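Chemist: just to be clear, the model below is a prediction. Sequence and coordinates:
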Amino acid sequence: MIERWTIKSLFKARLRVIGSTLAIGAAFALVIAFRAVWEGETRQLAVYLERAGADVWVMQEHVSNMHMASSFITEGKRVELARVEGVGSLAGILYLNTMIQAGGRQWFSYVVGIEEPGQVGGPWSVPQGRSHPSRGEIVIPETLSRLTGAGIGDQVQITDHRFTVVGLSTETFSVTNPVAFVNVVDLADVLSLSGYDSYILIQSEPGVAPDALAKRIREQVDGVQALTTAEFVENDLQLARQMGTEVIALMTSICAVLAALLVGFSLFIHTSHSRRDLVILKTLGFSNGHVYKTVLIHAVVLTGLAFAFGVLLVGVLAIVGPWLAPVLSLSITARSLAEVGGAGLAVAIAATLMLARRVAAVDPMSAFQ
Amino acid sequence: MKNSSLLQAQNLTKQFGSGRTSVRAVDDVSLDIGKGEVVVIMGPSGSGKTTLLSMIGGLMRPTSGSIFIDDADISAMSEARLPGIRARYIGFIFQAFNLLDALTVEENILLPAQLAPGGVKGARGRVEDLLVRLDLAARRGAYPGTLSGGEKQRVAIARALINQAPLVLADEPTGNLDSQKGSDVTMILHDVARDQGCAVVVVTHDARIEEVADRVLWLADGRLRDRKSEIHSWARDPVCGMRVDEWTAVHFAEHGGRRLAFCSPRCLQRFEANPEAYGSVDAPAGGALQS
Ligand SMILES: Nc1ncnc2c1ncn2[C@@H]1O[C@H](COP(=O)(O)OP(=O)(O)OP(=O)(O)O)[C@@H](O)[C@H]1O
Ligand SMILES: [Mg+2]
């Protein structure tokens, strides 16, 4: 029955509940959206690795990433790799993490040098223009083209080399790491080197497991690292997550504290308004423990409503987001929701504790006044 | 039944504050309340009635002295055990009704049952009985905001009775009611003691309750006095015609050079709204009707 009072008294103050839900929900939405953007961007980082078409990636020894890494192996390794049992086909790419200047803006990008049309490691979806850049040509992400205004036929610049945009690719854009494709000879010029690959992308023969093949390559070819696509992707995601962990934790904490203060404030207002009722409950023989429980239920209900509202808000954002901010990739994961939800529960408990003394101090004697 | 003792208070004293500003609200009071007894506590305003009542109800600790309920000394109990005592032994009735506005009549009555051994389920039968007995059956789903004062107080009485507490404590239960409703509540309290066998202690200025009491205690300056040595000065409430003791009454008005006593704020309000309508009350000034 006291539980019924708890819920009924909360919803009797409908406006207050709505106000609290909106305010606390906004705090939750903020942190969920922030994490969704970050997770989306991080996922986007690995899309090139996943879609390039390789089963096994071979790179310079001691290198195990593409993100924030550089790798060079001599072209001679191609011959050695081709001899390893289970290797079906292979193709090399050059790779540079650098600025592209386009339409007066600079954009930090992955630049991939490819050799042949349709090779593994080249763009896989090019709805406009050509997908293979010849000398002096470049394929850039469609979104980058939209953002910089550099369309097909326009010039962009990498260091002091000029390129003409000949194709616009999709699925290759993220705010932090768009992928552009140039001819491998041009990229070798930019890097002032020749006779090297950055990564060699291997497709295994049918029926050969990538992890077995990677292992065999590591054993049989000196001076290289070989990773399956899954391992390679995982390494890059891990690296990116590591780099963002502090920022995310800080952001989550700030929002959690904000939410705790808002929940605490709502509870404070609500318990102040219910003070007379708490007095009555105590005269009837309900203990402080009972009363704490009602406050905790209030806190959990408010936080739960606010969380649901926050998720709803971000859900709407995820639907309208592509129109509002096409550059951002949103990814709302169950894990991120569970973490924010867990933080929410902690917030509810913290807010209840904040009020514990106040509630304990409610004096049943005031029932006589 | 009335002979077996339910509550014994020994040498109860309550002092508020310390030093020069200290107040002895209750001063060395001893009393014994038997099962099924109706005890009325009267006395002037500020004489310590509420303080005494809240100490025997386990809401306030005495500065010294002891209170035994069923042979357990509640004045020596830990703070954590007192709510349990209140839930099991005591039903409170307040002047201000003190219902929970978010709950219906039925839910208000059932609320304390949660703390009783049988729980809310076990109290379903009793609540039906109380709703009928207190003439609330038609209003069971109503919220307190829509009830009249008399209905509210009947709900509060039902709530005080739901756990079959052996001791019902009421502080000015008729103080916010008009004369007729006050009489109803008085009769209900009387019947409760008779039918349910619980002891009822009522703090009041209302002389009608005195009439149904087994015992009247007189509190003055925190001490129990012999009631007989006190002087009555009976007057009539010019609005409802009820007998009021001018010594203990708290609602007065000056009219036509006379001091009139009222049984309740409602009667006073009515009078003040239209004094001429009650002008023909021919009680001599100074309050006669000496009894
Ligand atoms: N919490 C408190 N702190 C200090 N003094 C108090 C407190 N409660 C009561 N008193 C004082 O104790 C005395 C007795 O108060 P109490 O409320 O018991 O009187 P009462 O007989 O119930 O009066 P009334 O008929 O007006 O309700 C008064 O002088 C009052 O001012
Ligand atoms: Mg009082």
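Modeler: Okay, I see it. Numbers count the residues shown, from 1 in each chain, chains lettered A, B, ... in the order given. Ligands and ions are numbered 1, 2, ... in the order given.
Chemist: helices along the stretch 151-291 of chain B, start to end?
Modeler: All helices of the stretch 151-291 of chain B, identified by DSSP state H, counting those that start in this stretch, fall at B:179-196, B:207-212, B:265-273.
Chemist: now swap in chain A and tell me
Modeler: A:2-12, A:14-51, A:76-83, A:142-148, A:184-191, A:210-220, A:229-273, A:275-283, A:288-324, A:334-360 (DSSP state H).
Chemist: what pLDDT is listed against B:Arg133?
Modeler: pLDDT, B:Arg133: 87.
Chemist: that one: neighbour count?
Modeler: Using other C-beta atoms under 10 Å in any protein chain shown, B:Arg133 has 18 neighbouring residues. C-betas here are computed from N, CA, C, even on glycine.
Chemist: ditto for B:Asp221
Modeler: Neighbours of B:Asp221 (other C-beta under 10 Å): 14.
Chemist: and it, how far is that from B:Asp27?
Modeler: Distance, B:Asp221 to B:Asp27, using C-beta to C-beta, to the nearest Å: 7 Å.
Chemist: spell out which parts of the stretch 151-300 of chain A neighbour chain B.
Modeler: Listed as neighbours of chain B in the stretch 151-300 of chain A under the rule C-beta under 8 Å from any C-beta of the partner chain: A:276-277, A:279-288, A:290.
Chemist: output those residues as CSV; include the columns pLDDT and neighbour count.
Modeler: What follows is those, written out as CSV (pLDDT from 0 to 100; neighbours: other C-beta atoms under 10 Å in any protein chain shown):
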residue, pLDDT, neighbour count
A:Arg276, 91, 16
A:Asp277, 92, 22
A:Val279, 92, 19
A:Ile280, 94, 26
A:Leu281, 93, 23
A:Lys282, 92, 24
A:Thr283, 92, 26
A:Leu284, 92, 28
A:Gly285, 92, 27
A:Phe286, 93, 24
A:Ser287, 91, 19
A:Asn288, 91, 17
A:His290, 91, 19
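Chemist: now, which of those residues sits nearest B:Val40?
Modeler: Nearest to B:Val40 among those is A:Thr283, at 21.0 Å by C-beta to C-beta.
Chemist: please name the residues that touch the closest one.
Modeler: A:Pro364, A:Ala367, B:Leu59, B:Arg86, B:Phe92, B:Phe94, B:Asn98 (C-beta atoms under 8 Å, 6 or more residues apart in numbering or on different chains).
Chemist: in strands only, show me those.
Modeler: B:Phe92 (DSSP state E).
Chemist: buried members of the contacts of A:Thr283 into PyMOL, please.
Modeler: Selecting only the buried entries of the contacts of A:Thr283 in PyMOL, with 16 or more other C-beta atoms under 10 Å in any protein chain shown as the criterion:
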select buried, (chain A and resi 364+367) or (chain B and resi 59+86+92+94+98)
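Chemist: from the contacts of A:Thr283, pick the one nearest B:Phe16.
Modeler: With C-beta to C-beta as the yardstick, the closest approach to B:Phe16 among these comes from B:Leu59, at 14.6 Å.
Chemist: for the residue nearest to that closest one when sequence neighbours are not counted, give its distance to ligand 1.
Modeler: Excluding the flanking residues, the one nearest B:Leu59 by C-beta to C-beta, 6 or more residues apart in numbering or on different chains is A:Pro364, at 5.1 Å. Counting by C-beta to the nearest ligand atom, to the nearest Å, the gap from A:Pro364 to ligand 1 is 12 Å.
Chemist: one more: A:Met243?
Modeler: A:Met243 is 61 Å from ligand 1, by C-beta to the nearest ligand atom.
Chemist: A:Val320 too?
Modeler: Taking C-beta to the nearest ligand atom, one finds A:Val320 at 59 Å from ligand 1.
Chemist: please apply the same query to B:Ala158.
Modeler: For B:Ala158 relative to ligand 1 (C-beta to the nearest ligand atom), the value is 24 Å.
Chemist: what residues are shared contacts of B:Asp221 and B:Asp27?
Modeler: Counting by C-beta under 8 Å, 6+ apart, the common neighbours of B:Asp221 and B:Asp27 are B:Gly48.
Chemist: of all of chain A, which residue lies closest to chain B?
Modeler: Nearest to chain B, among the residues of chain A, is A:Gly285, at 2.7 Å (C-beta to the nearest C-beta).
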